[in-house]
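# Predicted model and sequence follow; I will ask about them next.
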Amino acid sequence: MGRSVTHFSLLGSTGSIGTQTLDVVRSMPERLSLLGLAAGRNLDLLASQAREFRPRAIWAADGEQPQVAERLRSIAQEIDAAVVPMEEMAGDPDLDVLVVGTAGRAGLEPTLAALQAGTDVALANKEVVVMAGHLLRAAADSGGSQLRPIDSEHSAIWQCLWGEEGNAIRRIILTASGGALRDLPAEALAGVSPAQALDHPTWNMGKKITIDSASLMNKGMETIEARWLFDVPYERVEVLQHAESIVHSLVEMGDGSVKAQLGNPDMRLPIQCALCYPTRLEPTVEPLDLAKLGTLHFQTPEFERYPCLGLAMQAGRAAGTYPTVMAAADEVAVEAFLQEQIRFTDIPTIIERVMDAHESTPDPALEAIDAADGWGRAEAQRLLATMTVA
């Protein structure tokens, strides 16, 4: 009996998630068929990917700009493809799965379009769920589609819940590595460089999420994601620090039983899981050897050391447009830190001040989310102009 082929398109093909997704495709070309590629601004890499995988549609950030549009037409002509915007690509009726590996606001409309069209979405974009989780949930319900999480933590929870339909969830426990700076004294955090914060001990990720890992902002965002992805009350989502990044997350069921998903820290495993669901195929990453590991460690995170974690959880509890402005301010602040315009410890200061100045809109529609996102970015930029690196 032959295997079925999954037809998918990939948004964010030149980023960390995108390049690792293509690694998975290379390992099982008979199982995965790539229909569309959408990149960021790395047009040279997009051209190389397009020549290798020969999709029928391509796109890139700023695709409407004359120079980018001309380059896209040249790439498309070379491989006999069409130049198709992401939202249109997401609505392709031949798609089985849309992989959303873009960062930030850009992934929202394509995600909504795919879900509303009844296409499952393999999602690795935290900000989209943080900003508009209620809209994604409604779109999936109306389209009869499924959100398949790619983040290792939410993939772990998703896998733990297979076969548990109808059973109560007592707690979701998200694990956090603690990031690149976890072993530094708290008083040294103000002086760390971007290079230090990017030197993650267990994961190979993009710059933005690696800085968010060092501040634990990523884990705070993941608590908000979990609330929407798994339809649980926010107060049932907790965070546990786990340095080795082997236990990717845990779920405590109604009877007190705890299920966990374990694996080596390699994003190709949750990507493969999301693409091939419900089938588990041969491994494309090194299997876990617990005896070799020996000991695993767990501890409660220190909120004083990680103020971004508390701010994100505060935004999650407040709901409305607070998560949107929190995510927008974080994006601006992290980029400023990477450009050495502010200190690492200034990131939560900017986020807190933006959140304090915000007047939230409850149960926001897309227009209110966009307005809050723009306001949050502008307010963060205004605050940046008043700050200097000591």
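Ah, there it is.

# And residue 387, what's its pLDDT?
Predicted confidence (pLDDT) for residue 387: 86.

# so it makes contact with residue 347?
No. Using Cβ atoms under 8 Å, residue 387 makes no contact with residue 347, being 11.0 Å away. In short, each C-beta sits where N, CA and C put it, glycine included.

# These two - which one has more neighbours?
Between residue 387 and residue 347, residue 347 has the larger neighbour count (other Cβ atoms under 10 Å), namely 26 against 15.

# got the buried residues for the helix or strand encompassing the more buried one?
Residue 347 belongs to helix 346-357 when assigned by DSSP states H and E. Residues of helix 346-357 classed as buried by neighbour count (16 or more other Cβ atoms under 10 Å): 346-348, 350-355.

# average pLDDT across that helix?
Rounded mean pLDDT across helix 346-357 is 98.

# ok, now stretch 53-61?
For stretch 53-61, mean pLDDT is 97.

# what comes up buried for it?
Buried, per 16+ other Cβ under 10 Å, within stretch 53-61: 53, 55-61.

# Same check on stretch 10-26?
Going by 16+ other Cβ under 10 Å, stretch 10-26 has these buried residues: 10-25.

# CA atoms only: put that stretch into CSV for me.
Once non-C-alpha atoms are left out, stretch 10-26 reads as follows in CSV (Å, rounded to 0.1, in the frame of the first residue of the first chain):
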residue,chain,number,x,y,z
LEU,A,10,6.0,27.2,2.8
LEU,A,11,5.8,30.8,4.0
GLY,A,12,9.1,32.1,5.4
SER,A,13,11.3,29.7,3.4
THR,A,14,14.6,31.5,3.9
GLY,A,15,14.3,31.8,7.7
SER,A,16,15.3,29.2,10.4
ILE,A,17,12.0,27.3,10.3
GLY,A,18,11.8,27.5,6.5
THR,A,19,15.3,26.1,5.9
GLN,A,20,14.8,23.3,8.4
THR,A,21,11.4,22.5,6.8
LEU,A,22,13.2,22.0,3.5
ASP,A,23,15.7,19.7,5.2
VAL,A,24,12.7,17.5,6.1
VAL,A,25,11.5,17.6,2.5
ARG,A,26,15.0,16.5,1.4
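
# List the contacts of that stretch.
Applying Cβ atoms under 8 Å, 6 or more residues apart in numbering, the contact partners of stretch 10-26 are 32, 34, 36-40, 42, 45-46, 49, 52-53, 86, 89-90, 98-103, 107, 110, 124-125, 150, 204-206, 209, 267-268, 271-272, 275, 284.

# of these, buried ones?
Among the contacts of stretch 10-26, those classed as buried by 16+ other Cβ under 10 Å are 32, 34, 36-40, 42, 45-46, 49, 53, 86, 89-90, 98-103, 107, 110, 124-125, 150, 205-206, 209, 267-268, 271-272, 275.

# Select from the residues you listed every entry located in strands.
The strands, defined by DSSP state E, take in 32, 34, 36-39, 98-100 from the buried ones among the contacts of stretch 10-26.

# Of those, which is the nearest to residue 140?
Nearest to residue 140 among these, counting by Cβ to Cβ, is residue 98 at 12.2 Å.

# And for the nearest residue to that closest one once chain neighbours are set aside, the neighbour number?
Leaving aside its sequence neighbours, residue 98 sits nearest to residue 114 (Cβ to Cβ, 6 or more residues apart in numbering; 4.2 Å). Counted with other Cβ under 10 Å, residues neighbouring residue 114 total 31.

# Need the per-residue pLDDT for residue 114.
97.

# Name the helix or strand for it, please.
Using DSSP H and E, residue 114 maps to helix 108-116.

# gap between that helix and the chain center?
Mean-position distance between helix 108-116 and its chain equals 15 Å (Cα atoms, centre = their mean, to the nearest Å).

# Buried residues in it, which are they?
Buried-residue list, helix 108-116, by 16+ other Cβ under 10 Å: 108, 110-116.

# any chance of those in TSV, plus distance to residue 176?
What follows is the buried residues of helix 108-116, written out as TSV (distance: Cβ to Cβ, whole Å):
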residue	distance to residue 176
108	25
110	29
111	25
112	29
113	32
114	29
115	28
116	33
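
# that older thread, strands - which of the buried residues of stretch 10-26 land there?
10-11.

# Take the buried residues of stretch 10-26 and keep only those in helices.
Among those, the members found in helices (DSSP state H) are 16-25.

# So which of the residues you listed is the closest to residue 214?
Nearest to residue 214 among those, with distances taken as Cβ to Cβ, is residue 16, at 15.7 Å.

# How many residues are close by residue 152?
Using other Cβ under 10 Å, residue 152 is surrounded by 23 other residues.

# quick one on the thing from earlier: could you identify the most distant pair in the ones in strands among the buried ones among the contacts of stretch 10-26?
Across those, the longest distance by Cβ to Cβ is 18.4 Å; it joins 32 and 39.

# returning to what we had before: export the helix holding residue 347 to PDB, keeping only CA atoms.
C-alpha atoms of helix 346-357 as PDB (Å, rounded to 0.1, in the frame of the first residue of the first chain):
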ATOM      1  CA  ASP A 346      15.900  47.900  28.700                       C
ATOM      2  CA  ILE A 347      13.800  45.400  26.700                       C
ATOM      3  CA  PRO A 348      11.200  44.800  29.500                       C
ATOM      4  CA  THR A 349      11.300  48.500  30.500                       C
ATOM      5  CA  ILE A 350      10.100  49.500  27.000                       C
ATOM      6  CA  ILE A 351       7.400  46.800  26.900                       C
ATOM      7  CA  GLU A 352       6.100  47.700  30.400                       C
ATOM      8  CA  ARG A 353       5.800  51.400  29.500                       C
ATOM      9  CA  VAL A 354       4.000  50.700  26.300                       C
ATOM     10  CA  MET A 355       1.600  48.300  28.100                       C
ATOM     11  CA  ASP A 356       1.000  50.900  30.900                       C
ATOM     12  CA  ALA A 357       0.100  53.600  28.300                       C
END
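
# If you count neighbours, what's buried in the helix or strand following it?
Once the chain leaves helix 346-357, the next helix or strand it forms, by DSSP H and E, is helix 366-384. By neighbour count with 16+ other Cβ under 10 Å, helix 366-384 contains the buried residues 368-370, 372-373, 375-377, 379-380, 383-384.
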